[in-house]
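1. Show me the folded form of this:
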Amino acid sequence: QVQLVESGGGLVQAGGSLRLSCAASGRAISINGMAWFRQAPGKEREFVVGISWSGDIRYADSVKGRFTISMNNAKTTVYLQMDNLKPEDTAVYYCAATKTWARVVIDTTNEYDYWGQGTQVTVSS
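-> Residues are numbered from 1 along each chain as shown. Below you'll find the model as predicted:
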């Protein structure tokens, strides 16, 4: 089993920045990729950015140029640097991990095996 714990959410004004962290524990060696998803009220959970252990990184078009994913050398913690935040970025952000190895980042929720509890990001206008 793998446990994922997110941190770093909060309230920020439009144009501001936040940095989210997601720490994996347990059988982290079984992970082959991690991603961030988000879910706004009344909307489906959507892919934000992902990184695969094959080296691929993929961003949703809506966050390209504003968000940056990174991870530590041990591949147990991923970070999401969010800059130039907009009110439409308001959502609960979830960290996810997949056991599936793939050459490209997986961007569908059903392929992820482990999920964090979510952290709220609120961007005021």
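
2. Please count neighbours and contacts with C-alpha atoms only from this point.
-> Will do.

3. Tell me how many other residues surround residue 117.
-> Applying other Cα atoms under 10 Å, we find 14 residues neighbouring residue 117.

4. How about residue 29?
-> Counted with other Cα under 10 Å, residue 29 comes out at 13.

5. Quickly note the distance from the most centrally placed residue in the chain to residue 12.
-> Nearest to the geometric centre of the chain sits residue 36, at 1.8 Å (Cα atoms, centre = their mean). Separation of residue 36 from residue 12 (Cα to Cα, to the nearest Å): 19 Å.

6. now do residue 113
-> 31 Å.

7. just residue 53 next, same as before
-> Counting by Cα to Cα, the gap from residue 53 to residue 12 is 32 Å.

8. sec struct for residue 16, please.
-> Following DSSP: H, G, I helix; E, B strand; the rest coil, residue 16 is assigned to coil.

9. go on, residue 38?
-> strand.

10. Just give me the neighbour total for it.
-> One way to gauge burial is a neighbour count; for residue 38, by other Cα under 10 Å, it gives 22.

11. now residue 9
-> Other residues within reach of residue 9 by the criterion other Cα under 10 Å amount to 18.

12. now swap in residue 35 and tell me
-> Burial measure for residue 35: 30 neighbouring residues, criterion other Cα under 10 Å.

13. Relative to residue 111, how far out is it?
-> 11 Å.

14. likewise residue 78?
-> Plainly put, residue 78 is 18 Å away from residue 111 if you go by Cα to Cα.

15. quick one, which of the two is more surrounded?
-> Here residue 78 and residue 111 are set side by side on neighbour count (other Cα under 10 Å), and the busier one is residue 78, at 23 against 13.

16. show me the contacts for the more buried one.
-> 21, 22, 23, 34, 69, 70, 71, 72 (Cα atoms under 8 Å, 6 or more residues apart in numbering).

17. between those residues, which has the most around it?
-> Neighbour count (other Cα under 10 Å) singles out residue 34 as the most crowded of these, with 30 neighbours.
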